[in-house]
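*Asks:* what's the 3D shape of this:
(3 chains)
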Amino acid sequence: MSFAAKNPFEEAYLRLFDYFGEQHWWPAETPFEVLVGAVLVQNTNWSNAGKALDNLRESGLLEYETLSQLSAEEIAPLIRPSGYYNVKAKRLRNLLNLIEEEYAGDFASFCAAEGEVLREQLLAVKGIGAETADSILLYACALPYFVVDAYTHRVFSRHNLLDEESDYVAIQGRFVAAIECDVDLYNEYHALIVRVAKEFCRKGVPLCAGCPLEDLTG
DNA sequence: CACCAGGCAAGTA
DNA sequence: TACTTGCATGGT
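*Replies:* Prediction:
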């Protein structure tokens, strides 16, 4: 991926990629693992979500055909390390129900569905908000939906590229308008934002000294 | 011991 | 509409 920056959002991407390099995120796993992981990682760290995924994997439950046979009560104890396990077990069960009811229990059909329809269906599931829905669309279904999270808001508002009060829709709109619509670009950019936030943008630090985005102005 | 980590829904005023 | 609260574990 090579291009000249036409705006601050493209420039930020180039700087981050130049500094950190390729991140290789979720695409290494199967789409079903991504789907489950998207719920398990809600409001926790990947370390804890990964332990819950390991439990499922060791029980042979990290595929639709097996996990879909379980009730929320049966799923809950297996995903304890991810925290909020009762809530997340219900959310996973709700997602499995969507696949069962709208896609005849065929996970491949779910993944191959038209993006806008699928997004609406995901958002209608209790426990799936905009970030989780877009994470699934981008990282499981390979559809170009830009994922916004707390890091995106924090990093870009601190660097004066977003208003502090911008909400999810507004932030996503800014990125979509500024950068090329491309699955690989969306994937990599989001991963790079998480990376730079963890490394440079701790709470209470208004501007990130030494950060690749230092002095980047809108 | 306090605080944080890749949210979301439900309740309140 | 705009806050606030509940949900819970594991690492630093």
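
*Asks:* Close to DNA strand C: what parts of chain A are there?
*Replies:* By the rule CB under 7 Å from any atom of the strand, the part of chain A lying against DNA strand C is A:43-45, A:47-48, A:51, A:80-81, A:83-88. The way it works is simple: take the backbone N, C-alpha and C, and place the C-beta from them, glycine included.

*Asks:* What number of residues are in the vicinity of the one residue in chain A that gets nearest to DNA strand C?
*Replies:* Going by CB to the nearest atom of the strand, DNA strand C is nearest to A:Gly83 of chain A, at 2.6 Å. Here the number of neighbours of A:Gly83 (other CB atoms under 10 Å) works out to 16.

*Asks:* Next: the one 4 residues further on.
*Replies:* Around A:Val87 sit 16 other residues, with neighbours defined as other CB under 10 Å.

*Asks:* That one against A:Asn94, yeah?
*Replies:* No: checked against CB atoms under 8 Å, the pair A:Val87 and A:Asn94 is beyond contact range at 10.7 Å.

*Asks:* So for stretch A:138-152, first residue to last residue, what's the gap.
*Replies:* 16 Å (CA to CA, to the nearest Å).

*Asks:* Enumerate the positions of it that are buried.
*Replies:* Buried residues in stretch A:138-152, defined by neighbour count with 16 or more other CB atoms under 10 Å: A:138-141, A:143-149, A:151-152.

*Asks:* With stretch A:200-217 instead?
*Replies:* A:Phe200, A:Cys201, A:Cys208, A:Cys211, A:Pro212, A:Leu213, A:Leu216.

*Asks:* average pLDDT across that stretch?
*Replies:* For stretch A:200-217, the mean per-residue pLDDT is 78.

*Asks:* With just CA atoms, put that stretch into PDB.
*Replies:* Only the C-alpha atoms of stretch A:200-217 are listed here, as PDB (Å, rounded to 0.1, in the frame of the first residue of the first chain):
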ATOM      1  CA  PHE A 200       2.300   6.700  23.600                       C
ATOM      2  CA  CYS A 201      -1.100   8.100  24.600                       C
ATOM      3  CA  ARG A 202      -1.400   7.200  28.300                       C
ATOM      4  CA  LYS A 203      -4.100   8.900  30.200                       C
ATOM      5  CA  GLY A 204      -3.200  12.500  31.300                       C
ATOM      6  CA  VAL A 205      -0.600  13.000  28.500                       C
ATOM      7  CA  PRO A 206      -2.000  15.800  26.400                       C
ATOM      8  CA  LEU A 207       0.400  15.400  23.500                       C
ATOM      9  CA  CYS A 208       2.600  12.400  23.000                       C
ATOM     10  CA  ALA A 209       6.300  13.300  23.100                       C
ATOM     11  CA  GLY A 210       8.100  11.000  20.800                       C
ATOM     12  CA  CYS A 211       4.900   9.800  19.200                       C
ATOM     13  CA  PRO A 212       4.900   9.400  15.500                       C
ATOM     14  CA  LEU A 213       1.900  11.700  15.400                       C
ATOM     15  CA  GLU A 214       3.700  14.500  17.300                       C
ATOM     16  CA  ASP A 215       3.100  17.900  15.800                       C
ATOM     17  CA  LEU A 216       0.600  16.500  13.200                       C
ATOM     18  CA  THR A 217      -1.800  19.300  12.700                       C
END
